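Chemist: Can you look at this prediction? I've put the sequence above it.
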Amino acid sequence: MFGLHPLAILCIGILTVLGMIIVLRVHAFLSLITAAIVVSVLSPGGLAEKISRVAEAFGTTAGKIGIVIALAAVIGRCLIESGAADRIVRLFVGLLGEKKCAISLMSSGFVLSVPVFFDTVFYLLLPLARSMHRRTGKSYLLLILAMGAGASITHSLVPPTPGPLIIAETLGIDLGMMIMVGLLVAIPTSIVMLFFVGWLAGRMDIPMRPLEGGRPEPEPLPDEELPGLLPSFMPIILPVLMISTHTIVSTIAQGAAADSGIMRVKSFTAVLGNANLAMLVSAAIAMYVLWQKRKPGREGLAKMVESSLMSGGVIILITSAGGAFGAMLKAAEIGPAIQNIMVADGGAHIGGLKLLFMGFFVAFLIKFAQGSSTVAMITTSAMLAGLITSPGEIGFHPVYLAAAIGFGAQCGNWMNDSGFWIFAKMSGLTEVETLKTWTVTISTLAFVGLGFTVLFAKILPLV
């Protein structure tokens, strides 16, 4: 209609998102859905369908990820309320001992941030970090940095957290593959970061300060009031196992005859490994554990579920609006336009390290500009989805691009990010101290993670 170049449409779309979020302080949902409509109007297609296709793309994305995010919100709340999350933390402390409490806190954050949002994990673990500092004399800064780094890694790499979930959907990556490769690059990254935060904390002397307002330190529940170890872990482990099992079986079954035994197994795991069913079973277990340990009653349980779904609903709106924005960028033919700019002959597909570095740095720039890791992941994956044709042509499985985007969306965590303020205010650090510690730690984490992503893409391309 207007004959604009696709890259001009891309710039208008990104400026719309950033301008509404940063300048006008508009909610991310309204910013993304407005940008989607703007991009759609400027893109090729019949005038009558320009608005309706935005709603269709929104509904398609919500249909694919909405149930998973809603159930993840319920699971996370149940883990906190029942004491299951506290049980998991105490397991790591018991296994590793208080002398290795930094490893315990990082491991706890790493595990809990898969189904629980980052801010909730931080609220949960901070009292334990303060208690460990008082008992052991370990550096307070070391403990809170290890805890936050562990939670940040899986928050941006392992579904069902919204960021990696929408990246997997946008790039057409199997959810089980996203989980497995997310963990593959996250584990060595966390090990390197443990040494880094130890080194950083040794160079800075930041004391543990009293809580704001002189509030008393919360007392932990006694062990006998917490759920058992197996029911505490089940809501986290079970969906990962169910989804990943189907991915593994599907990989083995490639090329097998339709009537073979492995194909019959695949048809069975396709049902059990469906993300919606896996998360529903997990939510049922989490609610049962809460019911058994806290006896909330029907009304109390209903209110807890309702409040959880309300918080999850906001995330569903944002991610679905992001999905619509991504679909409209595809309609604008952004991918081929970027391809023609980046490649001299205009025909070959971008592959190798160039694509990984592009995903990382584009996500970083968007994250640094507007503050939200989720928005950065949504926008970047939508921009680059058109560059992916087949794993063989780019040189590795697209899941590595997803990991690079996830790490890039963590880099540059500063004052426009809610996570920055959660860390600063809850931990009792000044803004300058937070910039020197938290921002440096998360940015370093992002580059270390990119390094491992590149390494695994080379030695284990999965093509």
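Modeler: Here it is on my side, so go on.
Chemist: outside of the strand or helix carrying Leu365, which residues touch it?
Modeler: In this structure, Leu365 is located in helix 353-370 according to DSSP states H and E. Contact with helix 353-370 is made by 14, 17-18, 21-22, 342, 350, 373, 375-377, 379-380, 383-384, 387, 394, 400-401, 404-414, 416-417, 446, 450, 453-454, 457, as judged by Cβ atoms under 8 Å, 6 or more residues apart in numbering. Yep, even glycine has a C-beta here, placed from its N, CA and C like the rest.
Chemist: in it, what counts as buried?
Modeler: Neighbour counts over helix 353-370 (16 or more other Cβ atoms under 10 Å) mark 355-356, 358-360, 362-370 as buried.
Chemist: what do you get for stretch 271-282?
Modeler: Gly273, Asn274, Ala275, Asn276, Ala278, Met279, Leu280, Val281, Ser282.
Chemist: mind checking how far stretch 394-402 is from the chain centre?
Modeler: 18 Å (Cα atoms, centre = their mean, to the nearest Å).
Chemist: follow-up on the earlier one: compute the inter-axis angle for the following helix or strand past the helix holding Leu365 and helix 353-370.
Modeler: Per DSSP H and E, the first helix or strand lying C-terminal to helix 353-370 is helix 373-384. Angle, helix 373-384 to helix 353-370, by axes from the mean of the first three to the mean of the last three Cα atoms, to 10 degrees: 140 degrees.
Chemist: Pull out the buried positions in helix 373-384.
Modeler: Neighbour counts over helix 373-384 (16+ other Cβ under 10 Å) mark Ser373, Thr374, Val375, Ala376, Met377, Ile378, Thr379, Thr380, Ser381, Ala382, Met383, Leu384 as buried.
Chemist: which of the residues you listed lies closest to Pro296?
Modeler: Thr374 (30.4 Å; Cβ to Cβ).
Chemist: And the closest one, how far from Ser381?
Modeler: Per Cβ to Cβ, to the nearest Å, Thr374 is found 11 Å from Ser381.
Chemist: which neighbours do the two share?
Modeler: Common neighbours of Thr374 and Ser381, using Cβ under 8 Å, 6+ apart, are Ile166.
Chemist: hmm, back to that, mind putting the buried residues of helix 353-370 into CSV with pLDDT and distance to Leu229?
Modeler: Listed next are these as CSV, based on pLDDT from 0 to 100; distance: Cβ to Cβ, whole Å:
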residue, pLDDT, distance to Leu229
Leu355, 88, 42
Leu356, 93, 39
Met358, 90, 43
Gly359, 92, 38
Phe360, 95, 38
Val362, 90, 42
Ala363, 90, 37
Phe364, 92, 39
Leu365, 87, 43
Ile366, 85, 41
Lys367, 86, 37
Phe368, 85, 41
Ala369, 77, 44
Gln370, 74, 41
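Chemist: Format those residues as TSV; extra columns: distance to Leu145.
Modeler: Formatted as TSV, the buried residues of helix 353-370 follow (distance: Cβ to Cβ, whole Å):
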residue	distance to Leu145
Leu355	31
Leu356	27
Met358	29
Gly359	26
Phe360	22
Val362	27
Ala363	22
Phe364	20
Leu365	25
Ile366	25
Lys367	20
Phe368	20
Ala369	25
Gln370	25
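Chemist: Go ahead and confirm Gly322 touches Val375.
Modeler: Yes. Contact criterion Cβ atoms under 8 Å: Gly322 and Val375 qualify, at 6.9 Å.
Chemist: Check the contact lists of those two and give me the overlap.
Modeler: Here Gly322 and Val375 share the contacting residues Leu32, scored by Cβ under 8 Å, 6+ apart.
Chemist: In space, what's closest to the residue nearest in space to the middle of the chain - neighbours in sequence excluded?
Modeler: Central residue of the chain (Cα atoms, centre = their mean): Ser156, 3.0 Å from the mean position. Spatial nearest neighbour of Ser156, chain neighbours left out: Gly406 (4.1 Å); criterion: Cβ to Cβ, 6 or more residues apart in numbering.
Chemist: cool, Phe122 as well?
Modeler: Closest residue to Phe122 apart from its sequence neighbours, by Cβ to Cβ, 6+ apart: Ile422 at 5.7 Å.
Chemist: Check Glu431 too.
Modeler: Ala424 (6.2 Å).
Chemist: Just the CA atoms of the strand or helix carrying that neighbour, as CSV, please.
Modeler: Taking DSSP H and E as the definition, Ala424 sits inside helix 418-427. The C-alpha trace of helix 418-427 is given here as CSV (Å, rounded to 0.1, in the frame of the first residue of the first chain):
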residue,chain,number,x,y,z
SER,A,418,12.8,-4.3,37.1
GLY,A,419,15.3,-7.1,38.0
PHE,A,420,17.9,-4.4,38.7
TRP,A,421,15.6,-2.8,41.3
ILE,A,422,14.5,-6.1,42.8
PHE,A,423,18.1,-7.0,43.4
ALA,A,424,19.1,-3.5,44.7
LYS,A,425,16.2,-2.9,47.1
MET,A,426,15.7,-6.4,48.4
SER,A,427,19.4,-6.9,49.0
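Chemist: following the helix or strand in which Val111 is found, which helix or strand shows up next?
Modeler: Val111 belongs to helix 101-112 when elements are defined using DSSP H and E. Per DSSP H and E, the first helix or strand lying C-terminal to helix 101-112 is helix 118-136.
Chemist: what does that following helix rub up against?
Modeler: Helix 118-136 has contacts (Cβ under 8 Å, 6+ apart) with 76, 80, 85-86, 89, 93, 98-99, 101, 105, 108-109, 112-113, 116, 138-140, 143-144, 147-148, 151-152, 155, 208, 217-218, 220, 418-419, 422-423, 426-427.
Chemist: let's go with 7 Å and repeat that
Modeler: By Cβ atoms under 7 Å, 6 or more residues apart in numbering, the residues outside helix 118-136 that reach it are 76, 80, 85, 89, 98, 101, 105, 108-109, 112-113, 138, 140, 143-144, 147-148, 151-152, 155, 208, 217-218, 419, 422, 426-427.
Chemist: got it, and stretch 9-25?
Modeler: Against stretch 9-25 from outside (Cβ under 7 Å, 6+ apart): 26, 28, 30-32, 34-35, 38-39, 42-43, 325, 329, 332, 334, 369-370, 375, 379, 383.
Chemist: Could you look up the SS state of the residue of the chain positioned farthest from its centre?
Modeler: Most distant from the centre of the chain: Asp259, at 38.3 Å, with distances by Cα atoms, centre = their mean. Following DSSP: H, G, I helix; E, B strand; the rest coil, we place Asp259 in the coil state.
Chemist: Report pLDDT for it.
Modeler: Reading off the confidence values, Asp259 has pLDDT 78.
Chemist: what's it sitting at in phi/psi?
Modeler: For Asp259, the backbone dihedrals (degrees, to the nearest 10) come out as phi -100, psi 10.
Chemist: For stretch 53-62, C-alpha coordinates in PDB please.
Modeler: The C-alpha coordinates for stretch 53-62 follow below in PDB (Å, rounded to 0.1, in the frame of the first residue of the first chain):
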ATOM      1  CA  ARG A  53      -4.500 -10.800  10.800                       C
ATOM      2  CA  VAL A  54      -3.100  -9.200  13.900                       C
ATOM      3  CA  ALA A  55      -5.900 -10.700  16.000                       C
ATOM      4  CA  GLU A  56      -5.500 -14.000  14.300                       C
ATOM      5  CA  ALA A  57      -1.700 -14.100  15.100                       C
ATOM      6  CA  PHE A  58      -2.400 -13.000  18.700                       C
ATOM      7  CA  GLY A  59      -4.900 -15.900  19.100                       C
ATOM      8  CA  THR A  60      -2.600 -18.400  17.400                       C
ATOM      9  CA  THR A  61       0.300 -17.500  19.900                       C
ATOM     10  CA  ALA A  62      -2.100 -17.600  22.900                       C
END
